[in-house]
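In: pasting a predicted model and its sequence here:
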Amino acid sequence: MANVIEQNQDKDISLSVRGVRKVFGSKVVLDNLTFDAKRGEFIVLVGPSGCGKSTMLRSIAGLESVDGGTITIEGKDVTNLVPKDRDIAMVFQDYALYPHKNVYENIAFGLRLRKVKEEELDRMVRDAARKLNLLDLLDRKPLQLSGGQRQRVAIGRAIVRNPKIFLFDEPLSNLDAKLRGSMRLTIALLQKELNTTTVYVTHDQTEAMTLADRVIVLHGGHIQQIGSPLELYYHPANQFVAGFIGSPEMNLLEGKLERVDGMLCFVSSGIKMPILDGLKSFIKEGSEGREVVWGIRPENFRVPKDDTKSKNSVELKVLYAEPLGPSTLCLCSFGDTRIRISVQEPLRPVIGETLNLEWRSRHLYLFDKETGESLVKNH
């Protein structure tokens, strides 16, 4: 399994995690995790359930002790400090609001514990409420609020403290799809306005792609890859990252890379796809003849410009179609396997139809079948 570590040489580091290890019983949950976050950077930890992302976040917060490694915030080693001494603020999945207190008092709660003077407290609470469009709701109790409003109150309680780092633990997972979209925008704009270092945990790769300056992909307690959203999308380090990043998810087909009639092709059951000339030079040496996994993104199919078949033409039979307005997502038979494709208007495929399309991509996704590692040089 890959453990891709990014070495950040920038001295302007807000959070530094070095060799962090966490074990529950005999299970290693975090295995030698190392990464940095610059001041003001938005970092997203993403991965499937059980990959260790929430444990890593709780370790940064001090809610979990670590069994190895160090955690440093603004140059201060906080590995063994209690949460209140770390100068962080955390927003949880379940909001964690006090039901008997109104919005104003929920936001003010941490300030009262710190014995902030009343005039300054009032200014800070109202400033946070203004940023989150909560001024008209300050007298309401949590039960009188929608899910999105409650989450904004939880965020307000965090930002009012002006911490060194914000920590978000799947804050949108309890909201419906429309609210998730609007809250995602709220969080993104607010983080840029405050310029506070943020570490955000989610299993939703769409949140990761839209929010992050950099994404850290976790799987099985290991870092698989660190990079910008587009770096992960176009240049996945391994098969896991390729299959996880992107919506709809990438098709992954098993086969072999070999020459047929002098052309380098991906060959599988019922499939022979020539590697496009512009992409051949990006394949790592020694890849020919290997058992491989070829990745095809659903959106990389196009209607040919004319009726002339090119060497990258494919014939697909539509097994199921999901109209999504400007695009249609289809399950199709491709050789002896099935793949999903996404095609744009005016093409509107229907079940049973045979489509003649071209596979077009500026990027190649090819992985070693045994190791899962990418066989493609970045381009």
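Out: Great, that's in hand.
In: list the buried residues for stretch 38-50?
Out: Neighbour-count burial for stretch 38-50 flags Lys38, Glu41, Phe42, Ile43, Val44, Leu45, Val46, Gly47 (criterion: 16 or more other C-beta atoms under 10 Å). (Glycine included, C-beta is placed from N, CA and C.)
In: show me what the mean pLDDT comes to for it.
Out: Averaged over stretch 38-50, pLDDT sits at 95.
In: stretch 60-76 now?
Out: For stretch 60-76, mean pLDDT rounds to 96.
In: buried sites along that stretch?
Out: Ile60, Ala61, Gly62, Glu64, Val66, Gly69, Ile71, Thr72, Ile73.
In: do stretch 162-181 as well
Out: 163-172, 175, 179-180.
In: tabulate the residues you listed in a markdown table, adding columns for distance to Ser310 and secondary structure.
Out: Below are the buried residues of stretch 162-181 laid out as a markdown table (distance: C-beta to C-beta, whole Å; DSSP: H, G, I helix; E, B strand; the rest coil):
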| residue | distance to Ser310 | secondary structure |
| --- | --- | --- |
| Pro163 | 56 | coil |
| Lys164 | 56 | coil |
| Ile165 | 52 | strand |
| Phe166 | 50 | strand |
| Leu167 | 50 | strand |
| Phe168 | 47 | strand |
| Asp169 | 49 | strand |
| Glu170 | 45 | coil |
| Pro171 | 47 | coil |
| Leu172 | 43 | coil |
| Leu175 | 45 | coil |
| Leu179 | 45 | helix |
| Arg180 | 41 | helix |
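In: tell me which element the residue nearest the centre of the chain falls in.
Out: Closest to where the C-alpha atoms of the chain average out (C-alpha atoms, centre = their mean) is Ala208, at 3.0 Å. According to DSSP states H and E, Ala208 maps onto helix 205-211.
In: show me what that helix is packed up against.
Out: Under the contact criterion of 3 or more C-beta pairs under 8 Å, 6 or more residues apart in numbering; DSSP states H and E, helix 205-211 touches strand 42-46, helix 177-194, strand 197-202, helix 229-234.
In: against which helices or strands is the shortest one packed?
Out: What it means is strand 42-46. Looks like strand 42-46 contacts helix 53-61, strand 197-202, helix 205-211, strand 214-219 (3+ C-beta pairs under 8 Å, 6+ apart).
In: contacting residues around the third one?
Out: With contact meaning C-beta atoms under 8 Å, 6 or more residues apart in numbering, helix 205-211 is reached by 42, 44, 46, 172, 180, 184, 187-188, 200, 202, 215, 229, 233, 244-247.
In: state the mean pLDDT of that helix.
Out: The average pLDDT within helix 205-211 is 91.
In: against Leu257, how distant is Ser333?
Out: Ser333 sits 23 Å away from Leu257, going by C-beta to C-beta, to the nearest Å.
In: between those two, which is the more surrounded one?
Out: Leu257 (20 against 15; other C-beta atoms under 10 Å).
In: re the thing from before, in CSV: the helices and strands packed on helix 205-211, plus distance to Glu118.
Out: Below are the helices and strands packed on helix 205-211 laid out as CSV (distance: least, C-beta to C-beta, whole Å):
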stretch, distance to Glu118
strand 42-46, 34
helix 177-194, 24
strand 197-202, 30
helix 229-234, 44
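In: Ile275 against Ile283, yeah?
Out: Yes: contact criterion C-beta atoms under 8 Å: Ile275 and Ile283 qualify, at 7.1 Å.
In: which neighbours do those two share?
Out: Leu257, Leu264, Leu364.
In: and which of those residues is nearest Val17?
Out: Leu364 (32.6 Å; C-beta to C-beta).
In: show the backbone phi and psi for the closest one.
Out: Per-residue torsions, Leu364: phi -110, psi 140 (degrees, to the nearest 10).
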